[in-house]
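Novice: sequence and predicted model, in that order:
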Amino acid sequence: MRALNQRLVLDRLRAHGEATRPRIAADTGLSKPTVGQALLDLEQHGLVRTTGRSLAGPGRAAVVYRAAPDAGHVVGVDIGRRVLRIAVADLEGSIVARLDEPNRCRSASALVRTVSESAERAVSSAGLSPHEVVSTVVGTPGVPDPATGTVHRAPNLPGWERRGLLHELVAALAVAGSDVVVENDANLCAVGEHALGAALGVDVLVCLTVGTGIGMGLLVDGKLFRGAHGAAGEIADLPFGPRLNRGPGARRPGPVETAAAGQAVVAAARSAGLTKARSAKDVFRLARAGDERALRVVEEEAEKLAYVVSAVTAVLDPRLIVLGGGIGGNTDLLAEPMRRALAATTPAVPEIVAGQLGEDAVLAGAIATALGTARELVFDRRGLSRAAGDA
């Protein structure tokens, strides 16, 4: 019971900010002596601290308490094909260190080593030691399979689908007993936009990321939906036209990724006579400048994405579609033709919006996920449950 009271008081401070003992008692329904004992225990274990006194109301000034943000720290990692992004945050989610660097690795082993070394540098630059990191969450393309230690469906990272690779990555990052989770990057993008971005407060949403590859994160009732095997949202494998239906044993990229990701946009532009378009970014730049050929390519891309979204909309009926990634970020050009195409196939067209977090969406989702774990772990790490039991 004592441990439950401590958690209740700590959760109140984390959710609603600093407060006095009478205010905490009123909000939690606990007696003032019970709140006082819980605060004393939490303060002694470094999870709560005083910030001053409140002069509001008659009588003596009351002590104000807040949850200690530096009682633990988390690390978020975004492994992209071209860029690695790493952030260290305190328990309030405030970023205390950030590191972005090019991904020039040509092998999976080199990438594991680079991620581990970069995370160590980020933690060190925050003035922290490894044991102060409670939880680390990594975002990666593909489907992490902890049972086999394999990341499936990650063709854009050389060697990343090697069996046992996932175990190596977790071992490299689990310094000083830190909890390590590896999650699909599109899933974390959805979590990030839901926690801090365009999908704040939306219970059923789809986050469609389109760039070098294509992926989708799904939230149902505000919670990440992974499916039975962790492969929910792997829309690259959806069939797209009879010539691209190659069966489950075919090599990646899958049909939809072949038809709608970055290289497909460039190929379509060159077929339309835009021979100087070297990247999807060039195509969208030309479209904004009014080039008719580029505008047609963009509209075709929007129709392909609408095809993908329509399949998911028919099953989940999401309230919101968030577009992200290097291509998906061009919502100003893609959203309206997507809506038109969807209106022709589905009775309920969800709202289509641009992600607000841009390139930081995966990292934000990683930090948000790590915080959910860390806030529980620090309670046990500080020995509060054991101390309460002993008492």
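Specialist: Yep, it's here.

Novice: do you know how far residue 101 is from residue 154?
Specialist: Per CB to CB, to the nearest Å, residue 101 is found 20 Å from residue 154. Just so you know, the C-beta spots here come from the backbone N, C-alpha and C atoms, and that holds for glycine as well.

Novice: surely residue 178 meets residue 136?
Specialist: Yes: the pair residue 178 and residue 136 passes the contact test of CB atoms under 8 Å, sitting 5.3 Å apart.

Novice: what residues are shared contacts of the two?
Specialist: Shared contacts of residue 178 and residue 136 (CB atoms under 8 Å, 6 or more residues apart in numbering): residue 75.

Novice: who has more neighbours out of the two?
Specialist: residue 136 (27 against 24; other CB atoms under 10 Å).

Novice: what segments of the stretch 1-150 of the chain are helices?
Specialist: Along the stretch 1-150 of the chain, the segments classed as helices by DSSP state H, counting those that start in this stretch run 2-16, 21-28, 32-44, 108-125.

Novice: got the CA positions of the last one in PDB?
Specialist: Spelled out, that is helix 108-125. Written as PDB, here are the backbone C-alpha positions of helix 108-125 (Å, rounded to 0.1, in the frame of the first residue of the first chain):
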ATOM      1  CA  ALA A 108      25.500  -3.900 -40.600                       C
ATOM      2  CA  SER A 109      28.400  -4.500 -38.200                       C
ATOM      3  CA  ALA A 110      29.800  -1.000 -38.900                       C
ATOM      4  CA  LEU A 111      26.400   0.500 -38.400                       C
ATOM      5  CA  VAL A 112      25.900  -1.200 -35.000                       C
ATOM      6  CA  ARG A 113      29.300   0.000 -33.900                       C
ATOM      7  CA  THR A 114      28.600   3.600 -35.100                       C
ATOM      8  CA  VAL A 115      25.200   3.700 -33.400                       C
ATOM      9  CA  SER A 116      26.700   2.500 -30.100                       C
ATOM     10  CA  GLU A 117      29.600   4.900 -30.200                       C
ATOM     11  CA  SER A 118      27.400   7.800 -31.200                       C
ATOM     12  CA  ALA A 119      25.000   7.100 -28.300                       C
ATOM     13  CA  GLU A 120      27.900   7.000 -25.900                       C
ATOM     14  CA  ARG A 121      29.100  10.400 -27.200                       C
ATOM     15  CA  ALA A 122      25.600  11.900 -26.800                       C
ATOM     16  CA  VAL A 123      25.300  10.600 -23.300                       C
ATOM     17  CA  SER A 124      28.800  12.000 -22.400                       C
ATOM     18  CA  SER A 125      28.100  15.400 -24.000                       C
END
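
Novice: report how many residues lie close to the spatially closest residue to residue 128 that is not a sequence neighbour.
Specialist: Counting by CB to CB, 6 or more residues apart in numbering, residue 128 lies nearest to residue 73, which is 5.9 Å off, once chain neighbours are set aside. When neighbours are counted by other CB under 10 Å, residue 73 registers 26.

Novice: for residue 73, give its distance to residue 84.
Specialist: From residue 73 across to residue 84, the span is 19 Å (CB to CB).

Novice: quick one, which of the helices of the stretch 1-150 of the chain is nearest to residue 279?
Specialist: helix 108-125 (23.0 Å; CB to CB).

Novice: packing partners of that closest one?
Specialist: Helices and strands touching helix 108-125, by 3 or more CB pairs under 8 Å, 6 or more residues apart in numbering; DSSP states H and E, are strand 73-79, strand 83-90, strand 95-102, strand 133-140, helix 165-173.

Novice: and if we set it to 7 Å?
Specialist: Counting contacts by 3 or more CB pairs under 7 Å, 6 or more residues apart in numbering; DSSP states H and E, helix 108-125 packs against strand 73-79, strand 83-90, strand 95-102, helix 165-173.

Novice: ok now that helix, how far from the chain's centre?
Specialist: The gap between the average C-alpha position of helix 108-125 and the chain average comes to 19 Å, counting by CA atoms, centre = their mean, to the nearest Å.

Novice: output the below-cut-off pLDDT ranges for the protein.
Specialist: Low-confidence segments of the chain, defined by pLDDT under 70, span residues 55-59, 176, 241-252, 382-391.

Novice: about what we covered before: ranking the helices and strands packed on helix 108-125 by burial, who's on top?
Specialist: For the helices and strands packed on helix 108-125, ranked by mean neighbour count under the definition mean count of other CB atoms under 10 Å, the leader is strand 73-79 at a mean of 28.

Novice: quick one: neighbours of the closest residue to residue 198 other than its chain neighbours, just the number.
Specialist: Once its chain neighbours are removed from consideration, residue 198 has its nearest residue in residue 356; the separation is 4.5 Å (CB to CB, 6+ apart). Around residue 356 there are 17 other residues, counting by other CB under 10 Å.

Novice: who touches residue 356 in this structure?
Specialist: 193, 197-198 (CB atoms under 7 Å, 6 or more residues apart in numbering).

Novice: if we use 8 Å, what do you get?
Specialist: 193, 196-198 are the contacts of residue 356 under CB under 8 Å, 6+ apart.

Novice: which of those residues lies closest to residue 324?
Specialist: Out of the contacts of residue 356, the member with the shortest distance to residue 324 (by CB to CB) is residue 193, at 7.4 Å.

Novice: ok, residue 381 - how many residues close by?
Specialist: The tally of other residues near residue 381 (other CB under 10 Å) stands at 17.

Novice: correct me, but it touches residue 72?
Specialist: Yes: taking CB under 8 Å as the definition, residue 381 is a contact partner of residue 72 at 7.3 Å.

Novice: what do those two both touch?
Specialist: With contacts defined as CB under 8 Å, 6+ apart, the residues adjacent to both residue 381 and residue 72 are residue 134.
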